[in-house]
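**Student:** sequence? don't have it. structure:
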């Protein structure tokens, strides 16, 4: 990978990217509230399970298909995948997250040279989702699809580790151990995602949907709902 491509992916994966990812716990806070996650080990196991059963089978799989579509100007395919993401968000909270982060990433892209203005404007007209916006940003880096998925998954892992630190709560060392465990699991999750076609891609995570609905009305919360 060229230096410029690597740095662009590092930038996209950074928790400092101003798209609001740090403000969501993706139901982890609700799991803490309901005593399903109360320790470092439970938080670690929860996030590893979420990586494999939710992220790999849905977002990573759809991004893997969206990046080649962006590179070939396959707008009808992008629209189809964007609709799938919207339709498979099981709660208003999860849908609001993907829409808000998608819009924010498009606004960020307007200040950079990694996407054409026509592409940004076209996606902005569709109720853009975060996976489609990320695929657009990553598609122009010159990195392979697998490398782009590594960046996306690591960015997710860092945000979720920080959510665990704040909500359980845990110390920084515990957070780094959680991140280490997630990092070790990411390659296998990506291998799985790359094998999934339209018939096998899925977003069936009923416990996350239930917890997300509960989080929307949770009395006390640190993260957005």
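**Tutor:** Received the coordinates, thanks. Keep in mind it's a predicted model, so treat the numbers as computed, not measured.
**Student:** Over to the residue nearest to the spatial centre of the chain. Which of the three states is it?
**Tutor:** Among the residues of the chain, the smallest C-alpha distance to the mean C-alpha position (CA atoms, centre = their mean) belongs to residue 156, namely 5.3 Å. On the three-state scheme (DSSP: H, G, I helix; E, B strand; the rest coil), residue 156 is labelled helix.
**Student:** need the contact list for it.
**Tutor:** 21, 51, 55, 59 (CB atoms under 8 Å, 6 or more residues apart in numbering). (Glycine included, C-beta is placed from N, CA and C.)
**Student:** Check residue 19 too.
**Tutor:** By CB under 8 Å, 6+ apart, the residues touching residue 19 are 101, 104-105, 108, 130.
**Student:** Need phi/psi at it.
**Tutor:** Here the main-chain torsion angles of residue 19 (degrees, to the nearest 10) amount to phi -120, psi 0.
**Student:** Could you do residue 33 as well?
**Tutor:** As for residue 33, its main-chain torsions (degrees, to the nearest 10) stand at phi -60, psi -40.
**Student:** how close does it get to residue 27?
**Tutor:** Between residue 33 and residue 27 the computed distance is 10 Å (CB to CB, to the nearest Å).
**Student:** Out of the two, name the residue with the larger neighbour count.
**Tutor:** Comparing residue 33 with residue 27 by other CB atoms under 10 Å, the one with more neighbours is residue 27, at 29 against 17.
**Student:** and the gap between the more buried one and residue 106?
**Tutor:** When CB to CB is applied, the distance between residue 27 and residue 106 equals 25 Å.
**Student:** what does residue 92 give?
**Tutor:** 21 Å.
**Student:** got the contact list for the nearest residue to residue 135 once chain neighbours are set aside?
**Tutor:** Across the structure, with CB to CB, 6 or more residues apart in numbering as the measure, the residue nearest residue 135 apart from its sequence neighbours is residue 66 (3.6 Å). Counting by CB under 8 Å, 6+ apart, residue 66 makes contact with 77-78, 81, 131-132, 135-136, 139.
**Student:** follow-up on the earlier one: counting neighbours, go ahead and name the busier of residue 92 and residue 106.
**Tutor:** For residue 92 versus residue 106, the count of surrounding residues by other CB under 10 Å is larger for residue 106: 22 against 12.
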